[in-house]
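In: Give me a 3D structure for the following:
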Amino acid sequence: MGYSKEEQETTLVYSAEDNEWIGYSCYSPHITKIVKLLGIENIDAEYEEGRESPLNIKFKMKFNQVSFRKGEKRKISEEQREKAAERMKNLHKKNKHQF
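Out: Okay, the predicted model is just below:
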């Protein structure tokens, strides 16, 4: 059955004594990302009967596994955009010839 939208959350608490983050999540997109990052064997997962993915998880992360950013989009010039497009075009051609 899962959790209602208003119940879904992810929390992180930093322990200065242990220099690690302790987390909990019952928000499916975050669970997926955390499981991919840490591996299912490194988390405490609770499952609902008949459900393959975890209903909620508890986990620990190293200090450097969490970062804070402004969340602003990067602004690039038209010249930078063109150069990036050219690099992607060349990469695509290179990968196409490998198969």
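
In: all strands for this structure, in order.
Out: 10-15, 20-25, 43-46, 56-62 (DSSP state E).

In: between those strands, which gets nearest to G71?
Out: strand 10-15 (16.2 Å; CB to CB). In short, each C-beta sits where N, CA and C put it, glycine included.

In: what's in contact with that closest one?
Out: Strand 10-15 has contacts (CB atoms under 8 Å, 6 or more residues apart in numbering) with 20-27, 30, 61, 63, 66.

In: Return the distance of stretch 67-84 from the chain's centre.
Out: Distance of stretch 67-84 from the chain centroid (CA atoms, centre = their mean, to the nearest Å) equals 20 Å.

In: actually stretch 35-43, sorry about that
Out: Distance, centroid of stretch 35-43 to centroid of chain: 11 Å (CA atoms, centre = their mean).

In: Endpoint to endpoint, it covers what distance?
Out: One end of stretch 35-43 to the other measures 8 Å (CA to CA, to the nearest Å).
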